[in-house]
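[1] My questions are about this predicted structure, shown below with the sequence.
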Amino acid sequence: MSKTPSRSSRPVLESLSLLEKAAEKEFSANQIILAFDEYLNILAQNPAQQLRGSAQYAADMMDHFGRQELTGHAGSADSGAAPTFRFNVFSKPADPASRRVIGHETVQTQIYKTLRTFARQGHNNRMVLLHGPNGSAKTSLVHALMQGLETYSQAPEGALYSFNWIFPHEKLAKGGIGLAGAASRAEGLSTYARLADEEIAARLPSELKDHPILLIPAKDRKKFLEDFLGEKAANELWQHMPLHLRRGELCHRSKQIADALLLSYQGNLKRMLMHIQVERIYLSRRYRKGLVTIEPQLHVDAQYQQLTLNRSLSQLPSALHGLNLFSVSGDLIDGNRGVVEFSDLLKRPIDSFKYILGLCETQSVNVGQTIAYLDTLFVGSANELQLDSFKEFPDFTSFKARISLIRVPYLLEASAEAQVYSEILEQVSGDKHVAPHTAWTAALWAVLTRLKKPNGVNYSPAVSSLVTALSPIQKARLYDLGEMPPSLGAEDRKVLRANLQKVRDEYEGVPYYEGRVGASAREIKSILLDAAQNPEFPCLSPLAVLREMEGMVKRVSEHEFLRQDVKDGYHDAIEFIATVRKDYLDRLDSEVRESIGLYDSKQWEDFIRKYVQHVAIALKKEKIKNPITGRMEDPDHSLIDEFEKIVDAPGRMNPGGDDLKLFRQNIISQVGAWSLDHPTTPVAYGKVFPEYWQKLEKHYYESQKAVLTRLHDALLVYGAAGMGAPSGNDPESSQLASDTIRNMTQKQGYCGQCAREVITFLLKQRY
Ligand SMILES: [Zn+2]
């Protein structure tokens, strides 16, 4: 075969050289290789940024990607509790390929606070242990944190540096023996950092990725910074520097080299530092650079190996020949300056995690005869059963002092839980259409299985009756959107709203807290996948999901949460299927009716809004500006009367009485309270007054029942007609049926198949 270069080889070479140029440019722009004094310039530009420990680095990373304080969080406004934040590093990862963590803002905030505490103490003296039920996103949280660190280390603000030792060839020293000769020969050079490969005899990296400042001996370090940054700035900085950078020493090997060089240079630090090549480091989980996950079956350790076996030792200058140099390696060495994650920490034998906690407390590890000092975050995860048996352990209290426990429960907000499933539904949608409300149906059921009934004894008498009356679905709605039970009057709502945080916190302090037991997201995901496989359903719809749930609740032995005692409707997984189905039917009902064209739900919103406007004017005895004529007019009393009649306002038979006045004032104050809770959004009247919304809906529905019945008949004919064009002998009805289906597909995300399927379902169930 001919070996002549192909025509395309030239462009390939060209693009390679372009690539090379781009890499070179990036290399110098990112300051990847530096001499020690060049690094000092970087340090001088932003000393606080350069002299950070791993905890502060991680906390700064969380700030770097942004955070939002949760104000719309139900109950947060008047709860007086410490603010809760949502950090983008979890909810909007910079790398689109990595997985988002939905919800868990309390956990995120706790992680952040713990990191800041470590930073303040100057020492990560505890392991951060995320614990919770199986499948509660513990690992996802840790991995998001690692991903954030990886991305941050590539940003200018997150630049991290370590160093290598560089030893030039003896030939550079022209026959000189030992290092002193080499250095004198290379008098013109102030650094060996940029020697070409062929000029380098040996290059020894700092295997622990030690910080370059550790090259300045600990006893001189503060003085060094004072000379360099000025006394005041250095003192200020010193206060905030981690212990590791204030007092820490180089790893054993680097220390030996540094000492030997100093000796041979008669204590000249500058000449010792000529051998330093500062290198920017990038954290990477994949390449185990500063980010390491250790599985429970693996033995945690750091190993060492004598370097004499290594060819490069013979190349070292003679000044170093007397040294007994080791090379260290292992998970802990790799994980220095970032995060070491112990997944399923407590699955290890007790001696093993005793050892791990020891490491964590001292931030050091014995390697052979020497000690390696670490600056890294130790993060572990454990499920509740493992933690429970760990607590039985006699030494638990002493262990506890070395652990920061952060609880990661299951989510209790249905809309957040629904977002958890969006990823898997997106995958399914490649093969099968996903009908509206599918994620929500699954999420609501999952949340219902996790809720606990409020216990009256934990509340004051006035609150007790309100909270104990909450049904599971009411509690779920309260948690999700702060939605009050429709049956509650304005005064009760106020009380319940004020106690919302208390309801949320009721089971905080007990072992079986709310969100510990219930269907896990993992279990629900498998329900969704199974439902997608069911050939009986043309689309993946709530109907297919409900069917899978019916199968699941029978497999009691497989799922712990199905074995709980039912208490006043709580923990009743079977009944929850009916609850979800009913809620789904309600949604479906209004969607279908909206698609028939009977009403536009905006009407109710407008009606309530107008009522609030006019009644506010009436209360103030003022006039309202007519938007069309611009004239000042009296409030529209017929509109006010109509509304109050429909919602059956108390005291409306006695227009001048106190009852009606109180009713009206309550309405205004509820709108005011809602606006305070949601300062940036326009008032959603349907959400402030769901019970009035429903009454309006019902009222209009009743008044148009006759029309509806005829339309339903038409849909039945349509439904029975199958896939093709609507048949039947009433062309007007057929037209209506196809219009309805068209509206559902165009406006509500149905396809022709599931639109027909759900209409048939609705008619069968409701009419
Ligand atoms: Zn469909």
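    Received, thanks. Numbers count the residues shown, from 1 in each chain.
[2] can you pull out the strands in the stretch 201-350 of the chain?
    Along the stretch 201-350 of the chain, counting by DSSP state E, counting those that start in this stretch, strands occupy 276-281, 291-294, 302-306, 326-330, 339-342.
[3] and the gap between the residue of the stretch 151-300 of the chain found nearest the ion and Trp165?
    In the stretch 151-300 of the chain, the residue that lies nearest the ion is Thr151 (37.8 Å; C-beta to the ion). No exception for glycine: its C-beta is placed from N, CA and C like everyone else's. From Thr151 across to Trp165, the span is 30 Å (C-beta to C-beta, to the nearest Å).
[4] Next, give phi and psi for the residue in the stretch 301-450 of the chain positioned nearest to the ion.
    Taking C-beta to the ion, the ion has its nearest neighbour within the stretch 301-450 of the chain at His433, 3.5 Å off. Per-residue torsions, His433: phi -70, psi 140 (degrees, to the nearest 10).
[5] what residues are up against it?
    Applying C-beta atoms under 8 Å, 6 or more residues apart in numbering to His433 gives the contacts 538-540, 751, 753-754.
[6] how far away is it from Phe537?
    When His433 is compared with Phe537 (using C-beta to C-beta), they lie 10 Å apart.
[7] With Phe643 instead?
    Applying C-beta to C-beta, the value for Phe643 to Phe537 is 42 Å.
[8] Stretch 756-767 - what's its average pLDDT?
    For stretch 756-767, mean pLDDT rounds to 80.
[9] Give me the nearest residue to Val556, chain neighbours excluded.
    The shortest distance from Val556 to any non-neighbouring residue, by C-beta to C-beta, 6 or more residues apart in numbering, is to Leu562 (4.6 Å).
[10] What of Val101?
    In space, Val101 is closest to Phe90, 4.0 Å off (C-beta to C-beta, 6+ apart).
[11] again, but for Gly651
    Distance criterion C-beta to C-beta, 6+ apart; nearest residue to Gly651, sequence neighbours excluded, is Asp659 at 2.7 Å.
[12] how would you label the single nearest residue of the stretch 51-200 of the chain relative to the ion: helix, strand or coil?
    Relative to the ion, the nearest point of the stretch 51-200 of the chain is Ile102 (24.8 Å; C-beta to the ion). Under DSSP: H, G, I helix; E, B strand; the rest coil, Ile102 falls in the coil class.
[13] the bottom helix or strand of this structure by mean pLDDT?
    For the chain, using mean pLDDT, DSSP states H and E, the weakest element among its helices and strands is helix 178-185, scoring a mean of 45.
[14] Pull up the pairing partners for whichever strand in the chain runs longest, direction included.
    Longest among the strand segments of the chain by residue count, using DSSP state E, is strand 160-168. Applying DSSP bridges, strand 160-168 is found paired with strand 200-205 (antiparallel), strand 276-281 (antiparallel).
[15] how far does the last one sit from the chain's center?
    Going by C-alpha atoms, centre = their mean, to the nearest Å, the spacing between the C-alpha centre of strand 276-281 and its chain's C-alpha centre is 33 Å.
[16] So for it, what gets flagged as buried?
    For strand 276-281, the neighbour count (16 or more other C-beta atoms under 10 Å) marks 276-281 as buried.
[17] What of stretch 616-624?
    Those would be 616-618, 624, for stretch 616-624 by 16+ other C-beta under 10 Å.
[18] of these, closest to the ion?
    The ion lies nearest to Ala616 out of these, by C-beta to the ion, at 44.8 Å.
[19] Would you check that the closest one makes contact with Gln665?
    No: using C-beta atoms under 8 Å, Ala616 is not in contact with Gln665, being 9.8 Å away.
[20] Assign the residue in the stretch 601-750 of the chain that the ion sits nearest to to helix, strand or coil.
    Closest contact between the stretch 601-750 of the chain and the ion, by C-beta to the ion, is at Tyr750 (5.8 Å). With three-state DSSP as the basis, Tyr750 sits in coil.
[21] That one and Leu762: what is the separation?
    On the measure of C-beta to C-beta, Tyr750 and Leu762 end up 12 Å apart.
[22] These two: who's more crowded?
    Neighbour count, other C-beta atoms under 10 Å: between Tyr750 and Leu762, Tyr750 has more, with 24 against 20.
[23] Tell me, what's the model's pLDDT at the more buried one?
    If you check Tyr750, the pLDDT there is 95.
[24] and it, what does it touch?
    Contacts of Tyr750 by C-beta under 8 Å, 6+ apart are 435-436, 741, 744, 758.
[25] can you put these in JSON lines and add distance to the ion, neighbour count and secondary structure?
    Compiled in JSON lines, the contacts of Tyr750 are given as follows (distance: C-beta to the ion, whole Å; neighbours: other C-beta atoms under 10 Å; DSSP: H, G, I helix; E, B strand; the rest coil):
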{"residue": "Ala435", "distance to the ion": "5", "neighbour count": "25", "secondary structure": "coil"}
{"residue": "Pro436", "distance to the ion": "9", "neighbour count": "20", "secondary structure": "coil"}
{"residue": "Ile741", "distance to the ion": "11", "neighbour count": "22", "secondary structure": "helix"}
{"residue": "Met744", "distance to the ion": "10", "neighbour count": "24", "secondary structure": "helix"}
{"residue": "Val758", "distance to the ion": "9", "neighbour count": "25", "secondary structure": "helix"}
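[26] Looking at those, which one is closest to His637?
    The closest of these to His637 turns out to be Met744 (C-beta to C-beta; 39.4 Å).
[27] List the contacts of that closest one.
    Met744 is in contact with 591-592, 595, 750, 755, 759, counting by C-beta under 8 Å, 6+ apart.
[28] for Met127, same thing?
    For Met127, the contacting residues are 342, 345, 356-357, 360, 378-380, 402-404, by C-beta under 8 Å, 6+ apart.
[29] thinking again about what came up before, can you confirm the residue nearest to Val556 is in a helix?
    Yes: the assignment for Leu562 is a helix, going by three-state DSSP.
[30] That one - how many residues pack around it?
    Using other C-beta under 10 Å, Leu562 is surrounded by 17 other residues.
[31] what does the one 10 residues further on give?
    Asp572 has 19 neighbours, counted by other C-beta under 10 Å.
[32] The closest residue to it other than its chain neighbours - how many residues pack around it?
    Leaving aside its chain neighbours, Asp572 sits nearest to Val566 (4.5 Å; criterion: C-beta to C-beta, 6+ apart). When neighbours are defined as other C-beta under 10 Å, Val566 has 11 of them.
[33] Test for you: state the pLDDT assigned to Val566.
    Looking at Val566, its pLDDT is 95.
[34] For the host helix or strand of Ala48, report the contacting residues that lie outside it.
    Take DSSP states H and E as the rule and Ala48 turns out to sit in helix 47-50. Residues outside helix 47-50 that contact it (C-beta under 8 Å, 6+ apart): 42-43, 157, 161, 213, 225, 229, 233, 237, 240.
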